[in-house]
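Engineer: Following is a predicted model, sequence given first.
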Amino acid sequence: LAAGNPPDVAQIGYLYTRYVAEDLPYVPADELDRRYTQGRVLGRYAPNIRALGLAKGKMVGVPYSLSNIVTYYNADLFRRAGLDPDRPPATWEGWRQAAQQIRARTGKYGLYLILLDDNWALEALIRSNGGTLLRCEGGFYRAGVDSPEAIGALSMWAGLVRDGLALGVPLQQGEQAFLAGETAAFMTTIARRAGLQEQTKGRFELRGARFPTFGSRPPALAGGGNVLAVFGRDSKRQEAAWKFIQFLTSPEGFTLWTKGTGYVPLLPGLTQDPRYLKDFVSQNPIQKVAIDQLPFTVPWTSFPGKNGLAASQALFRATQKALAGQATAEAALKEAAQEINRLVGGEQCSE
């Protein structure tokens, strides 16, 4: 792209669609869909899935790779703790109670929630508790991370770590602890399904459950993965790129992609059709967990402007401080909100 010789089509992370919309010479997907397929390609997607390709009011690309956060758990450790592995907790309060029993009876941690500097897990918590990372106020972006909902979400996570019920370490340490049987649950992307199944084979029985909710509130899970964006510079290349995208997002294409990667298929009905994914899902019930969470998919928040990365890092530092007990969740998030407003508060919005 920088050299003026762009690929005709490329996978672009959902987190970077705003950057593409602002700075790269892409061809809007809805324009290509109207031109070549009369709107049929994007028309197959549910509205919340289609929204993953939108940035600044433009359809940057066609949603393709999609992961969401699921709960992998050690059924053997559940049994040792006197818990029923057929009935994993569904709420955060339920997981706190289960973690207390696991700690008391086995000495192990109850859970580990993925911790990375992309704020993916934190956003799942905050959005599922009714909060948001950003809000549009008077035509300008303002931080939403100092709301009661956001503070409550991070306080819950930090409280589990403080009480010795959850690990609060970086991803590599947390995953190794789960594989070693030191924590009963690992909350991370469905894209790790195949790898975790292979790594736990012969160690313990691996199962999967939905991401926990805050009481009866429905979850809101930021979609990880990529859109297919077109950068072809002439009509012939654009048409060829669009034909390739039609194959990749066809029932056959999604079947191959899901089986090979663990990403979630975005077309309805594939998991009920024996020609596509019915048998695969019946043999891989953890995959069905992620598919069942598709209706709760929301766009992954990207902080706008040239200071967007710095704003994201400010939020991650707040998470680190809260989990390490260096500050309360409220103090850490209020400090982060001030920094985020300083960094991106001048960016205009209309959403």
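Structural biologist: Good, I have the coordinates.
Engineer: Next, the buried residues of the lowest-mean-pLDDT helix or strand in the chain.
Structural biologist: One helix or strand of the chain scores below all others by mean pLDDT, DSSP states H and E: helix 17-23, with a mean of 90. In terms of neighbour count (16 or more other CB atoms under 10 Å), helix 17-23 has its buried residues at 17, 18, 19, 20, 21. Using the backbone N, CA and C atoms, a C-beta is placed for each residue, glycine as well.
Engineer: hang on, the second one packs against residue 56?
Structural biologist: Yes - look at residue 18 against residue 56 with CB atoms under 8 Å: they come within range, at 6.4 Å.
Engineer: Residue 223: which of the buried residues of helix 17-23 is nearest?
Structural biologist: Checking the buried residues of helix 17-23 against residue 223 with CB to CB, the nearest one is residue 17 at 11.1 Å.
Engineer: just checking, that closest one touches residue 62?
Structural biologist: No - between residue 17 and residue 62 there is no contact, the gap being 11.4 Å when judged by CB under 8 Å.
Engineer: quick one: buried residues of whichever strand or helix holds residue 337?
Structural biologist: Secondary structure assigned from DSSP states H and E places residue 337 in helix 329-344. Applying a neighbour-count criterion of 16+ other CB under 10 Å, one finds 329-330, 332-337, 339-341, 343-344 buried in helix 329-344.
Engineer: burial count for residue 222?
Structural biologist: The criterion is other CB atoms under 10 Å. On that basis, residue 222 has 25 neighbouring residues.
Engineer: and it, how far is that from residue 252?
Structural biologist: Note on residue 222: its distance to residue 252, by CB to CB, to the nearest Å, is 28 Å.
Engineer: and what of residue 289?
Structural biologist: For residue 289, the distance to residue 252 (CB to CB) stands at 24 Å.
Engineer: Kindly report the same for residue 204.
Structural biologist: Summarising the geometry, the distance separating residue 204 from residue 252, computed by CB to CB, is 35 Å.
Engineer: Pick out whichever of those two has more residues nearby.
Structural biologist: Neighbours were counted for residue 204 and for residue 252 using other CB under 10 Å; residue 204 has more, 18 against 13.
Engineer: Please name every helix or strand in contact with the helix holding residue 337.
Structural biologist: In terms of contacts (3 or more CB pairs under 8 Å, 6 or more residues apart in numbering; DSSP states H and E), helix 329-344 is packed against strand 140-143, helix 148-162, helix 308-323.
Engineer: closest one to residue 232 among the ones you listed?
Structural biologist: When the helices and strands packed on helix 329-344 are compared by CB to CB, helix 308-323 sits nearest residue 232, at 27.3 Å.
Engineer: Alpha carbons only: can I get the closest one in CSV?
Structural biologist: Taking C-alpha atoms only, helix 308-323 is exported to CSV below (Å, rounded to 0.1, in the frame of the first residue of the first chain):
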residue,chain,number,x,y,z
GLY,A,308,-5.8,6.4,19.5
LEU,A,309,-3.1,3.9,20.4
ALA,A,310,-1.9,6.0,23.3
ALA,A,311,-5.5,6.2,24.5
SER,A,312,-5.8,2.4,24.3
GLN,A,313,-2.6,2.0,26.3
ALA,A,314,-3.9,4.4,29.0
LEU,A,315,-6.9,2.1,29.5
PHE,A,316,-4.7,-1.0,29.6
ARG,A,317,-2.5,0.7,32.3
ALA,A,318,-5.6,1.3,34.4
THR,A,319,-6.5,-2.4,34.1
GLN,A,320,-3.0,-3.4,35.2
LYS,A,321,-3.1,-1.1,38.2
ALA,A,322,-6.5,-2.4,39.3
LEU,A,323,-5.5,-6.0,39.0
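Engineer: which residues touch that helix?
Structural biologist: With contact meaning CB atoms under 8 Å, 6 or more residues apart in numbering, helix 308-323 is reached by 18, 115, 117-119, 122, 133, 145, 154-155, 157-158, 161, 168, 302-303, 326-329, 332-333, 335-336, 339-340, 343-344.
Engineer: State the mean pLDDT of that helix.
Structural biologist: Confidence over helix 308-323, taken as the mean pLDDT, stands at 97.
Engineer: quick one, it and helix 148-162 angle?
Structural biologist: Angular relation of helix 308-323 and helix 148-162 on a 0 to 180 degree scale: 50 degrees, by axes from the mean of the first three to the mean of the last three CA atoms, to 10 degrees.
Engineer: and helix 308-323, which residues are buried?
Structural biologist: 308, 311-323.
Engineer: Stretch 92-108 now?
Structural biologist: Of the residues in stretch 92-108, those with enough neighbours to count as buried (16+ other CB under 10 Å) are 92, 95, 96, 98, 99, 100, 102, 103, 106, 108.
Engineer: Quick one: mean pLDDT for it?
Structural biologist: Averaging the model's pLDDT scores along stretch 92-108 yields 98.
Engineer: neighbouring contacts of stretch 34-42?
Structural biologist: Where contact means CB under 8 Å, 6+ apart, the residues beyond stretch 34-42 that reach it are 29-30, 33, 50, 53, 59, 62, 239, 242-243, 245-246, 249.
Engineer: Now the two most distant members of these.
Structural biologist: By the measure CB to CB, 50 and 239 form the most distant pair in the contacts of stretch 34-42, at 21.8 Å.
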